[in-house]
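A.B. asks: Dropping the sequence and predicted coords here.
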Number of protein chains: 4
Amino acid sequence: MDYGSSLHGLLRAEAGLAWTAYVEHAFVRGLEDGTLPRASFLHYLQQDYVYLIHYTRAWALAAAKSTDIDEMREFAGAALALIDGEMQLHIETCEAVGISKVALAATREEPENLAYTRFVMDAGQRGDLLELLAALIPCALGYGEIGARLMAATEGKRENRPYKDWIETYGGEDYQGFAQSAASRFQQVAERTLGTDFKASPRWQRVSDTFTTACRLETAFWSMGLRGEMHPDFCV
Amino acid sequence: MDYGSSLHGLLRAEAGLAWTAYVEHAFVRGLEDGTLPRASFLHYLQQDYVYLIHYTRAWALAAAKSTDIDEMREFAGAALALIDGEMQLHIETCEAVGISKVALAATREEPENLAYTRFVMDAGQRGDLLELLAALIPCALGYGEIGARLMAATEGKRENRPYKDWIETYGGEDYQGFAQSAASRFQQVAERTLGTDFKASPRWQRVSDTFTTACRLETAFWSMGLRGEMHPDFCV
Amino acid sequence: MDYGSSLHGLLRAEAGLAWTAYVEHAFVRGLEDGTLPRASFLHYLQQDYVYLIHYTRAWALAAAKSTDIDEMREFAGAALALIDGEMQLHIETCEAVGISKVALAATREEPENLAYTRFVMDAGQRGDLLELLAALIPCALGYGEIGARLMAATEGKRENRPYKDWIETYGGEDYQGFAQSAASRFQQVAERTLGTDFKASPRWQRVSDTFTTACRLETAFWSMGLRGEMHPDFCV
Amino acid sequence: MDYGSSLHGLLRAEAGLAWTAYVEHAFVRGLEDGTLPRASFLHYLQQDYVYLIHYTRAWALAAAKSTDIDEMREFAGAALALIDGEMQLHIETCEAVGISKVALAATREEPENLAYTRFVMDAGQRGDLLELLAALIPCALGYGEIGARLMAATEGKRENRPYKDWIETYGGEDYQGFAQSAASRFQQVAERTLGTDFKASPRWQRVSDTFTTACRLETAFWSMGLRGEMHPDFCV
């Protein structure tokens, strides 16, 4: 795929290895071939549930920072879709192994989780809508890319694999549509904020830094999942 | 109806004449008996369209300030319902008299409009979720009360009245359900923030002041509608 | 003075009559020649005290939205200077006519006051630092311009005039320095956000609208002062 | 010292080992006896410089969330004091080893740093002033406690120790005064928000969780310092 001319294509290129490290993390390879230890997956999934609460807050914040009703509908709709779609995977998978919805919501956040979600929220509170979207978008696009890749790679052999549901959630039509439409909206907001020659804007470096930092935070989030247990300083 | 023990019953009682002045404003009587000049109604409606954009932002902000997914679903849902429900009345009514959706969105805000919407947003940004809801709720409940009252009062004689659609929007099931559920949620957030003995909380006075100020801003909004034309200082 | 090439020169030009209506308001002429009724002045001054509380909040918010320590020092310093400088004029003038500091802080805000301060705060919360400064700057620059003009116009004849202190506060070195340095900082933030060809930025219209709306809100604030008494809908 | 009845005494008690792990971290012991590797100290100091930028933003946010001018003066004053006091230690120490002020400001933030500062900012944006202070206060009080302890422990033998300046900054009168006055203000805000029987408030658990999470984030920050090099996922 050639992302060259699109905003996210440019940002991906600037992120360079920070993007690759994120979308090709060992955790992701383990999801693909099913070798990821169950404990790692469950640790990740519980943290990700709380992550999604804050990620939903961030989409709601996007709606609160807009005054265009089509945009607001999309952002508020994304918030609802996260709650009623994506988070259900987490609730059901966890329930199946005896972790209740209440226990999920009470999960103690790992520092890598706090770092990522609060970075996004603060980017949004401090900056404008574009800054918020630059922090939000690596999650939507990266999971979209990973989902699509794992869907294709496991075609015809998913049935007996342990992370089938995860792959089908992010590789499925709903999520792919969400990621695509988030990318279009991001492009549109950037055009009306920076103009179409993104890299000529004096804000470009900052937008790019925000995007790249979010990629690094994604990578650290996967690593936290692989660790499979709470950061020692968070156990007391 | 006896609101005595409920939070909004207490707040209404404290607001006293500020509440009455709001829900029994001459503008409202004109809606009921159809004597409200069309120019006043249209001026109000255009301003109210922009009001609703910011009111929707405020519900989205409520979702961004919560971490409870049921609450977040309700708040994000309210935002969507405002866009897809209430605002359609404005769009259709205005289109029927030749005011396009684009023109509506470009409406210059009256100072009374700015005062109200930005007061709500700032209450929400400065304070916690309870403070935001205290600023948001007089609109939901007051319009609910007015809608129900006008619905009953015009029973059997609405057909030939000019403000039938307005009355049926706010007196209708959808809006009544929204107002009721907003009141319950407000009560619930207040209980977990202040405890159940609301008036014993040191925050009570402030919550009450926020509610009362919002009532006064509603009254001034109706008066702005009656004026039927832009504030002179906003014409330049 | 020729502001032509500066950011505020461009914004002033775009604001056009909205700027003139603000800096040449009847209230200002009454301050200059001393014909402004005392009741109007005191009504204005009490409202302005509460205005300044929120204006100070806005400068503090600017510091919270920055990450450049020189900028943060200037913004936090402006907040302190408002509290320890400008607001003292209000406290002392009011105390002299029997309005205590406690009474001042408890002043019920007029809708024109709410409109202005909350518009500024929300512009700052919704947008980035530039958006906040665009809403903040008309007050600093307009009062600076008025102060300098009235200072010159009343040269040698201020002693027996009733609004001498007001004129000397805003026409004095401290305030003039504050206004000038706010203008430079605004220019600098705009350059790093929009580039130096301000009007070529797709954000230009919005920045200009924010500036112009703030001018109109200033005008309405003077008119509120002239009215000399509370908006009728705010008396209940 | 007996903190029993004060708000921070109660919160410290609830934090339990999370407080102890923070104030008695190996990094702190290394500061005291001078055994902390220089690389660890410098890594910490550079990160802490960026930390302080955001910590200053948080105090500015506190001023923006208040409407009491004495409180606002104190919060804006704290922001200024951090810039002109504490941060100078970092600038001078780093300059002495060839790290310029510009390089300092460009420091790539560690995930542990992002986690802490953005957690504080988001607590403040999402919640009210009390919530913000609950997130802000563990840093002020913990550094105050450590500074006083190390000052006493190194009495008469600091001269030849490598971390003399650090100890004298946090153990010195200025910082001790800042910590004490922050504690009083926190207590005061809590009393007017929760009432004086803190633990009876339904908000108590949340305030306590915020405080304890900030303590854990402090501990992880020290550990990041000890690591002495960038988190591997942040090196790409």
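C.D. replies: Arrived safely. Keep in mind that this is a model prediction, so the values were computed, not measured.
A.B. asks: ok, and the closest non-adjacent residue to the residue of chain A found nearest chain C?
C.D. replies: Proximity of chain A to chain C (C-beta to the nearest C-beta) peaks at A:Asp128, 4.1 Å away. All C-beta atoms are positioned from the backbone trio N, CA, C, and that covers glycine. Distance criterion C-beta to C-beta, 6 or more residues apart in numbering or on different chains; nearest residue to A:Asp128, sequence neighbours excluded, is C:Asp128 at 4.1 Å.
A.B. asks: Could you tell me which residues of chain A lie near chain B?
C.D. replies: A:53-54, A:56-58, A:60-61, A:63-69, A:72-73, A:75-77, A:79-80, A:83-84, A:87, A:105 (C-beta under 8 Å from any C-beta of the partner chain).
A.B. asks: Return the set of buried residues in the longest helix along chain A.
C.D. replies: Secondary structure of chain A per DSSP state H: the longest helix is helix A:38-64. By 16 or more other C-beta atoms under 10 Å in any protein chain shown, the buried positions in helix A:38-64 come out as A:40-64.
A.B. asks: try stretch A:14-31
C.D. replies: A:14-15, A:18-19, A:21-23, A:25, A:27-28, A:30-31.
A.B. asks: Okay, the spatially most central residue of chain A and chain B: tell me how far apart.
C.D. replies: Nearest to the geometric centre of chain A sits A:Cys139, at 2.3 Å (C-alpha atoms, centre = their mean). As judged by C-beta to the nearest C-beta, to the nearest Å, A:Cys139 and chain B stand 17 Å apart.
A.B. asks: helix, strand or coil for A:Glu229?
C.D. replies: coil (DSSP: H, G, I helix; E, B strand; the rest coil).
A.B. asks: count of residues packed around it?
C.D. replies: 11 (other C-beta atoms under 10 Å in any protein chain shown).
A.B. asks: Ramachandran angles for it?
C.D. replies: Here is the backbone geometry of A:Glu229 (degrees, to the nearest 10): phi -150, psi 160.
A.B. asks: wait, isn't A:Glu71 in contact with A:Ser184?
C.D. replies: No. Contact criterion C-beta atoms under 8 Å: A:Glu71 and A:Ser184 do not qualify, at 11.1 Å.
A.B. asks: contacting residues around the residue nearest to A:Met230 when sequence neighbours are not counted?
C.D. replies: Distance criterion C-beta to C-beta, 6+ apart; nearest residue to A:Met230, sequence neighbours excluded, is A:Glu110 at 6.5 Å. Contacts for A:Glu110 were tallied using C-beta atoms under 8 Å, 6 or more residues apart in numbering or on different chains; they are A:47, A:224, A:230-231, A:234.
A.B. asks: Closest one to chain D out of those, please.
C.D. replies: Once C-beta to the nearest C-beta is applied, the member of the contacts of A:Glu110 that ends up nearest chain D is A:Phe234, at 5.1 Å.
A.B. asks: Report the contact partners of that closest one.
C.D. replies: A:108, A:110-111, D:216, D:220.
A.B. asks: From those residues, which land in helices?
C.D. replies: A:111, D:216, D:220.
A.B. asks: is it possible to export these to CSV including pLDDT?
C.D. replies: Converted to CSV, the ones in helices among the contacts of A:Phe234 look like this (pLDDT from 0 to 100):
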residue, pLDDT
A:Pro111, 98
D:Arg216, 98
D:Ala220, 98
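A.B. asks: Any of those residues buried? List them.
C.D. replies: A:111, D:216, D:220.
A.B. asks: which one of A:Glu71 and A:Ser184 has more residues nearby?
C.D. replies: Legend: neighbour count by other C-beta under 10 Å for A:Glu71 and A:Ser184, higher for A:Glu71 (17 against 13).
A.B. asks: For that one, which non-adjacent residue is closest in space?
C.D. replies: Per C-beta to C-beta, 6+ apart, closest to A:Glu71 is A:Arg185, 6.7 Å.
A.B. asks: For stretch A:59-70, give me every contacting residue.
C.D. replies: Counting by C-beta under 8 Å, 6+ apart, A:71-72, A:75-76, A:78-79, A:82, A:121, A:124-125, A:128-129, A:132-133, A:136, B:53-54, B:56-58, B:60-61, B:63-64, B:72, B:75-76, B:79, B:83, B:87, B:105, C:126-127 sit against stretch A:59-70.
A.B. asks: Verify the stated contact: A:Met121 with A:Ala58.
C.D. replies: Yes. With contact defined as C-beta under 8 Å, A:Met121 counts as touching A:Ala58 (5.9 Å).
A.B. asks: secondary structure element for the residue nearest to A:Glu71?
C.D. replies: helix A:173-194 (DSSP states H and E).
A.B. asks: Residues of chain A that sit close to chain D?
C.D. replies: A:16-18, A:20-21, A:57, A:109, A:111-112, A:114-115, A:117-119, A:121-122, A:125-126, A:213, A:216-217, A:219-220, A:223, A:231-234, A:236.
A.B. asks: re the thing from before, pull out the buried positions in the following helix or strand past the longest helix of chain A.
C.D. replies: Toward the C-terminus, helix A:38-64 is succeeded by helix A:69-81 as the next helix or strand (DSSP H and E). Neighbour counts using 16+ other C-beta under 10 Å place A:69, A:71-81 of helix A:69-81 among the buried residues.
A.B. asks: Could you do stretch A:89-99 as well?
C.D. replies: Here stretch A:89-99 shows A:89-91, A:93-94, A:99 as buried, counting by 16+ other C-beta under 10 Å.
A.B. asks: Only the C-alpha atoms, please, for it, written as PDB.
C.D. replies: Included here for stretch A:89-99 are C-alpha records, laid out as PDB according to Å, rounded to 0.1, in the frame of the first residue of the first chain:
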ATOM      1  CA  LEU A  89     -14.400  -8.500  23.100                       C
ATOM      2  CA  HIS A  90     -12.500  -7.700  26.300                       C
ATOM      3  CA  ILE A  91     -15.500  -8.300  28.600                       C
ATOM      4  CA  GLU A  92     -16.400 -11.600  27.000                       C
ATOM      5  CA  THR A  93     -12.800 -12.900  26.700                       C
ATOM      6  CA  CYS A  94     -12.100 -12.000  30.300                       C
ATOM      7  CA  GLU A  95     -15.400 -13.400  31.600                       C
ATOM      8  CA  ALA A  96     -14.600 -16.700  29.900                       C
ATOM      9  CA  VAL A  97     -11.500 -17.000  32.200                       C
ATOM     10  CA  GLY A  98     -13.300 -15.800  35.300                       C
ATOM     11  CA  ILE A  99     -12.500 -12.100  35.300                       C
END
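A.B. asks: shouldn't A:Asp122 be in contact with D:Phe119?
C.D. replies: No. Look at A:Asp122 against D:Phe119 with C-beta under 8 Å: they stay out of range, at 9.0 Å.
A.B. asks: where does A:Lys157 land in three-state SS?
C.D. replies: Relying on three-state DSSP, one would call A:Lys157 coil.
A.B. asks: Perfect, that will be all.
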